[in-house]
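Peer 1: Structure here, sequence nowhere to be found:
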């Protein structure tokens, strides 16, 4: 069951949602309740041998945005 990242067109909130069966219809913004949301393109990370490996080919995990990361400790 994948977790997708969404952004709300109405209030600008960015949030994650567990999507069952791949259906994204009816996803509501947790902040304002709007169904006007768009699925974002997100990086994917896999845990292998105790370390996170990014699908983007870099050595950092998907949670790293520069500086230190609480997910992989870099």
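Peer 2: Received, thanks. From a predicted model like this one, the values you see are computed outputs, not experimental measurements.
Peer 1: only C-alpha atoms for contact and neighbour calcs from this point on.
Peer 2: Fine.
Peer 1: tell me the domain boundaries of the chain?
Peer 2: The record's domain parsing of the chain by automatic domain parsing lists 3-42, 45-74.
Peer 1: Now the weakest link among those, please, by mean pLDDT.
Peer 2: Looking over these, mean pLDDT reaches its minimum on domain 45-74, with a mean of 57.
Peer 1: residues touching residue 2, list them.
Peer 2: 18, 19, 20, 22 (CA atoms under 8 Å, 6 or more residues apart in numbering).
Peer 1: could you pull out the strands for this structure?
Peer 2: With DSSP state E, the ranges of strands along the chain come out as 3-8, 14-18, 37-39, 45-48, 51-54.
Peer 1: just checking, what packs against the shortest one?
Peer 2: If contacts are counted by 3 or more CA pairs under 8 Å, 6 or more residues apart in numbering; DSSP states H and E, strand 37-39 sits against strand 3-8.
Peer 1: make it 10 Å
Peer 2: Contact here means 3 or more CA pairs under 10 Å, 6 or more residues apart in numbering; DSSP states H and E; on that basis strand 37-39 packs against strand 3-8, strand 14-18.
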